[in-house]
Structures are given as structure tokens and as C-alpha cells.
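Enquirer: quick one, structure for this:
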Amino acid sequence: MKQRILYAVLFLLIIASNAVLAQDPTFSQYYSNKLYYNPAFAGADPGLRVNFNYRNLWTSLNSNFGTYNFNMDISDFNLGGGIGAVVVGNVEGDGLLRTNSYALNYSYRITVMPRMCDVHIGLQAGYMQKSIDWSRFVFSDQLDPVYGQVYTSAATPPSDTKRGMFDAAAGIMTRFNIKKHRSRRIISSTIGFSVQHLTQPNESLIGGVQRLPRKYVGHLSFMIPVSKKKSRSKNLTYLSPNFIYERQSVLQTFNLGLFALRAPLVIGVWYRNGTPILIPKRTDALVFSLGFRGRDGNGAFIYQFGYSYDLTLSKLAGSSGGSHEISLLLEFTSARLTNVRSNSARRKARNCYNFNGPRNLPKIF
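Expert: Numbers count the residues shown, from 1 in each chain. Below is the predicted model of the structure:
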């Protein structure tokens, strides 16, 4: 009972304040949730992809945070790039506050150097809804010291416990191959930047004005082959250094990590800090991840599963229980929207960026 009273008081303080700093959910497996971070990834690879992510934050708390994400995208050379859709659901405060968002993405591909470098420019338009469950609040004037919750509260609920708003985002991403002189080894690279909540929608639930701050995301990754120079095996070993930086108002997160990949497995470790400079006092967590990628005989259907655990190193260490996250990717490599035999589609397909790793290698960017 005391816990529910505390939730009510804290939540009322949150929704009544115009100085509150909202923050979007974040995922440890950002590489399995690319459309959420950058709309430019829509249709970046041939075929249809369907992703699902679920994150359970601070599992030792009675009121932990649960976030799910569903996204899908498909490439189409006749459209000049690809289209996608993203659905995100977030539950906070023992279910008192819920946020759901639905968005459509479009990305346009520009070939800079055939099969070696391309640029993707993405736009996102969506609808976001926030709601509170007023019936679950317990106020002090409802309580009797002997009989507990027996009275009706005099607290006046807001006129509307739901609010819908338009939202938009934009991003840019480029992928390029680095080939060492007189070497068969090719380093595949990706760098991108996006801005979320371009319109800064008003998310106030009490009739005031509370603008959702814009979020800025930057990401960079490399895929570096480390197998023997003359190896022709399809199961080559790769190392992949990655980083992603997120900033929303004064809140920021810097993630730096390294993956080791050898088909069909990937393992990785990440360090998450509150600043780009690795200050120990701002350390948030270490993230450990494990992934597996499988395929059918001809490679037309591919599936990828990932699991990650956040080991909390901040002041919440020892009481949060860490965080768990799972992801599932389904990929249909031969799926198309329009006629792929048109002259335009064939020309663009020939010039499309070529990732120089085996298709059965787990994707991390």
C-alpha cells in the first residue's frame, strides 16, 4: 500500500511539472533495432526483414519497466530505396504510464561508388499516444489508519487521461568498404546520424505545454576480417568495434563495444557511460550479448536470435537486478514489392552496396 501511495505522489509530481525531462526508451541491442534509431536503414538490404525486441529493465524492482519494439522493412529498387514500419510500446511505473507509437519510414538510396559505397536518407512520420491509468492511484485521503483504503479521494482526475500527437524523425546513413592495398581483406563500415521528435510534440496530460525534447543519435561500426590472409573458408572470423551515442535534452548515453563473429555465432561486450568521456563516476552498465543466425538450404529464409544482459554498475548496482533483452529477426531475402526485372531495378541492383561478409554471418549493423 505504501508503495502505491509513493507511485501516486511521484507520478503527480511528474505530470504536473513543466520542467520534466522525458527520455525515450533505449535498447542494448541497437543493432537488432536499427529502424528505431535511424529511419535511413529502411530497405538498406535486399528482401523483407521483420524484427522484434523486448527489454525488461531493472528486474529486481516490483515496478520494472517493460519495452517492446516491432519493426519491418523491405527494399525496392523501383522506389529508389525502401519502406518500413515501427511500433513501440513502453510501460512505466507499474503500468501507470503507457506510451505507444506507430511510424512509417521511407529511405532513398544514393549510389556513390557502385558496390562499394552508398548513402541512405530516411524520413519517418508517426503517431504517439500517452495515457495514464488514474484508477490505480491511491491517495492519502483514501486511507484509514485501521481499515486501510476505504474512502473516496477528493483528488480531481485530469479531463483526459490520453493524449495523441504527431511525431517525425529524419536520418542519414552511409555504408562503405575499405580495401587494403594489395589485400583481399575488405573492412565494411557504417556511419549514421538521426534526429528524433523533430516537431517536439506536446506530451502534457494536464492541459499544459510539455514539449518532448529532440533526441540526437550517432552511430559508427566496422566489420574487420581477422582470419588468415589466404583463407577461403566461408566461416571467417570478424571483429566488429561499434559505438552509438544518444542525447536527449541534458541526458546522454555513450555506448562503446566490440563483437567477435564467426558464423553462425556472435558474442559481444559493451560499456555504457553517461558521457562520451569515460568518467568512472558516470558508468551505467556493462552489456553482454550472445546471438545466433540460421538459414534454410538456399538462403531464402534467415532467422537471427539475440540475448543481452545489462550488468548495472551505477548507484543502482545490487538492487536493480540488471536488465534483460531479447531480439528476433526474420529475413526473407527474395521478397520484393514491385517488378525486379525492370531495367531500372536491374541497374540499381547491380550497383547496390555489397557487404563483403558471408550471408550467414550475424548482422550487427
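Enquirer: for the rest of this, base every contact and every neighbour count on C-alpha atoms.
Expert: OK.
Enquirer: strands along the stretch 1-150 of the chain, start to end?
Expert: 48-57, 65-76, 81-92, 97-113, 117-132, 143-144, 148-149 (DSSP state E, counting those that start in this stretch).
Enquirer: again but with the stretch 151-300 of the chain, I slipped
Expert: Counting by DSSP E, counting those that start in this stretch, one finds strands in the stretch 151-300 of the chain at the ranges 162-179, 186-196, 215-225, 237-248, 251-262, 265-273, 283-295.
Enquirer: return the list of helices and strands in contact with the third one.
Expert: Using 3 or more Cα pairs under 8 Å, 6 or more residues apart in numbering; DSSP states H and E as the contact test, the elements touching strand 215-225 are strand 186-196, strand 237-248.
Enquirer: tell me the average confidence for the longest one?
Expert: Computed over strand 237-248, the mean pLDDT rounds to 92.
Enquirer: packing partners of it?
Expert: Other helices and strands packing on strand 237-248, by 3+ Cα pairs under 8 Å, 6+ apart, are strand 215-225, strand 251-262.
Enquirer: any chance of the ones you listed in JSON lines, plus distance to residue 242 and mean pLDDT?
Expert: Shown next, in JSON lines, are these (distance: least, Cα to Cα, whole Å; pLDDT from 0 to 100):
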{"stretch": "strand 215-225", "distance to residue 242": "4", "mean pLDDT": "93"}
{"stretch": "strand 251-262", "distance to residue 242": "5", "mean pLDDT": "90"}
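Enquirer: looking at the ones you listed, spot the one closest to residue 138.
Expert: Set against residue 138 and scored by Cα to Cα, those come closest in strand 251-262, at 30.7 Å.
Enquirer: just confirm residue 348 is within a strand.
Expert: No. When classified by DSSP: H, G, I helix; E, B strand; the rest coil, residue 348 is found to be helix rather than part of a strand.
Enquirer: any idea how far the closest residue to it other than its chain neighbours is from residue 171?
Expert: Leaving aside its sequence neighbours, residue 348 sits nearest to residue 77 (Cα to Cα, 6 or more residues apart in numbering; 6.2 Å). The gap separating residue 77 from residue 171 is 19 Å, by Cα to Cα, to the nearest Å.
Enquirer: again with residue 55
Expert: 24 Å.
Enquirer: quick one on the thing from earlier: dump the helices and strands packed on strand 215-225 into TSV; add distance to residue 222 and mean neighbour count as well.
Expert: TSV is the format used below for the helices and strands packed on strand 215-225 (distance: least, Cα to Cα, whole Å; neighbours: other Cα atoms under 10 Å):
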stretch	distance to residue 222	mean neighbour count
strand 186-196	4	21
strand 237-248	5	20
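Enquirer: I'd like those as JSON lines, with distance to residue 100 appended.
Expert: As requested, those are exported to JSON lines (distance: least, Cα to Cα, whole Å):
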{"stretch": "strand 186-196", "distance to residue 100": "15"}
{"stretch": "strand 237-248", "distance to residue 100": "19"}
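Enquirer: so for residue 82, which of those strands sits nearest?
Expert: Smallest distance to residue 82 across those (Cα to Cα): 16.7 Å, for strand 186-196.
Enquirer: may I have the closest one exported as CSV, CA atoms only?
Expert: What follows is strand 186-196, C-alpha atoms only, in CSV (Å, rounded to 0.1, in the frame of the first residue of the first chain):
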residue,chain,number,x,y,z
ILE,A,186,37.8,-5.7,-47.0
ILE,A,187,36.6,-3.7,-44.0
SER,A,188,32.8,-3.0,-44.2
SER,A,189,31.8,0.2,-42.4
THR,A,190,28.6,2.1,-41.4
ILE,A,191,28.2,5.6,-40.1
GLY,A,192,25.0,7.4,-39.5
PHE,A,193,23.1,10.2,-37.7
SER,A,194,19.4,10.8,-36.9
VAL,A,195,17.2,13.3,-35.2
GLN,A,196,14.0,12.1,-33.4
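Enquirer: what is that strand packed up against?
Expert: Under the contact criterion of 3+ Cα pairs under 8 Å, 6+ apart, strand 186-196 touches strand 162-179, strand 215-225.
Enquirer: ok, which of these comes nearest residue 24?
Expert: Taking Cα to Cα as the criterion, residue 24 comes closest to strand 215-225 out of those, the separation being 8.1 Å.
Enquirer: if we can go back for a sec, from the helices and strands packed on strand 237-248, which stretch is densest packed?
Expert: When neighbours are counted by mean count of other Cα atoms under 10 Å, the highest per-stretch mean among the helices and strands packed on strand 237-248 falls to strand 215-225, a mean of 21.
Enquirer: angle of that one against strand 186-196?
Expert: 170 degrees (axes from the mean of the first three to the mean of the last three Cα atoms, to 10 degrees).
Enquirer: quick one: strands adjacent to strand 215-225?
Expert: Take DSSP bridges as the rule and strand 215-225 pairs in its sheet with strand 186-196 (antiparallel), strand 237-248 (antiparallel).
Enquirer: quick check: pLDDT value at the closest residue to residue 148 other than its chain neighbours.
Expert: Leaving aside its chain neighbours, residue 148 sits nearest to residue 142 (8.0 Å; criterion: Cα to Cα, 6+ apart). Residue 142 is assigned a pLDDT of 75 by the prediction.
Enquirer: could we number from 173 for the rest of this?
Expert: Okay, using 173 as the starting number, the last item reads as residue 314.
Enquirer: show me what residue 334 bridges to in the sheet.
Expert: Here residue 334 shows beta-bridge partners residue 303, assigned using DSSP bridges.
Enquirer: okay, now it: neighbour count?
Expert: Applying the criterion other Cα atoms under 10 Å, we find 18 residues in the vicinity of residue 334.
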